[in-house]
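Undergrad: Just the structure for this:
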Amino acid sequence: MEIILTQEVINVGSKDDIVNVKNGYARNYLIPNGMAIVATESAKKILAENIRQRAHKEAKVKEEATQLAKKMEGLKLTIGAKTSSKGKIFGSVNTIQIAEALAAQGFNVDRKNILIKEDIIKEVGNYTAKVKLHKEVSVEIAFEIVSE
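TA: I've put the predicted structure just below:
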């Protein structure tokens, strides 16, 4: 039986794939659980149109992310932290402080999309972070930790 998957199914396929499975598997498990629909001609046309519209929207989002990445390129952040006399930070600097510094510059980026190359930053110095703006677009941001 030919079906269109509405979500990813392990060992069968991913969302929007048209696959052939056994009749019982489709009728008794996939379709009742909302994981698939029957692949009729009208369903295939709707799927093709949805894929085309989604591709257009994703291209627009990617273009916006690319423009934002160009604006962020070469940006250098300065983050203040309380330190000891030897330059050790009390606590650590993480993605929350970087997201706040980016927001102060006018770039609203979710902290979950920021990756710091070093695991834990506990000393004053220069570091880099990778900001993921889209699944295919990311930018490197340099930041400096200074003593407050």
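Undergrad: so which helix or strand takes in residue 115?
TA: Applying DSSP states H and E as the criterion places residue 115 in strand 114-116.
Undergrad: Give the rounded mean pLDDT of that strand.
TA: For strand 114-116, mean pLDDT rounds to 91.
Undergrad: and it, which residues are buried?
TA: For strand 114-116, the neighbour count (16 or more other Cβ atoms under 10 Å) marks 114, 116 as buried. For every residue, glycine as well, the C-beta is placed using N, CA and C.
Undergrad: so what does it touch, helix or strand wise?
TA: Packing partners of strand 114-116 (3 or more Cβ pairs under 8 Å, 6 or more residues apart in numbering; DSSP states H and E): helix 95-105, strand 125-132.
Undergrad: Tabulate these (CSV), appending distance to residue 41 and mean neighbour count.
TA: Below are these laid out as CSV (distance: least, Cβ to Cβ, whole Å; neighbours: other Cβ atoms under 10 Å):
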stretch, distance to residue 41, mean neighbour count
helix 95-105, 48, 16
strand 125-132, 40, 16
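Undergrad: next one: the strand holding residue 115 to chain centre, how far?
TA: The chain centroid and the centroid of strand 114-116 are separated by 12 Å under Cα atoms, centre = their mean, to the nearest Å.
Undergrad: who does it pair up with?
TA: Here strand 114-116 has these sheet partners by DSSP bridges: strand 125-132 (antiparallel).
Undergrad: any residues touching the partner strand, and which ones?
TA: Contacting residues not belonging to strand 125-132 are listed as 72, 95, 98, 102, 109, 113-118, 121, 138-145 [Cβ atoms under 8 Å, 6 or more residues apart in numbering].
Undergrad: Recalculate using a threshold of 10 Å.
TA: Applying Cβ atoms under 10 Å, 6 or more residues apart in numbering, the contact partners of strand 125-132 are 65, 68-69, 72, 75-77, 79, 87, 89, 93, 95, 98-99, 102, 107, 109-110, 112-118, 121, 137-146.
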